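Participant: No sequence on hand, only this structure:
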């Protein structure tokens, strides 16, 4: 049953079975559902209408979306940092560059491109990071 999809009687998707709930000391068995709203619901076995390729509920389950959390925002710099002299091997970047200038590859001498995702300079001619 784990991994099966759960639907309301009207055919709307509710979620996916994550686990089977077996209460200790009595009570009714149920299913732990991960809903489409990324919340968790427990559905008692008596509220299930049919089980086959999917699970159909007897009554419609209203899925409540979790309260929206406000993610902290951080300033993102769009300009590459000033590169100071570094020695890391043959492809090291040397020199101090003013804002707007591009450093060159110490291996081939071609201009480097700053890759924001990796926060590193890349030489397309040599095919490696400097």
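Facilitator: Received the coordinates, thanks. In this text, all values refer to a predicted model and were calculated from it rather than measured experimentally. Numbering: from 1, shown residues only.
Participant: State which strand of the chain is the longest.
Facilitator: Of all the segments assigned as strand in the chain under DSSP state E, the longest by residue count is strand 13-21.
Participant: Could you pull out the buried residues of that one?
Facilitator: 14-17, 21 (16 or more other C-beta atoms under 10 Å). Where C-beta positions appear, they are placed from N, C-alpha and C, glycine not excepted.
Participant: now stretch 22-35
Facilitator: Residues of stretch 22-35 classed as buried: 30-31, 33-35 (neighbour count, 16+ other C-beta under 10 Å).
Participant: That one spans what distance, first to last residue?
Facilitator: With C-alpha to C-alpha, to the nearest Å as the measure, the ends of stretch 22-35 fall 19 Å from one another.
Participant: What lies in contact with that stretch?
Facilitator: The contact list for stretch 22-35, computed with C-beta atoms under 8 Å, 6 or more residues apart in numbering, reads 1, 6, 14-21, 40-46, 48, 55, 63.
Participant: what distance separates it from the centre of its chain?
Facilitator: In terms of C-alpha atoms, centre = their mean, to the nearest Å, the centre of stretch 22-35 is set 29 Å apart from its chain centre.
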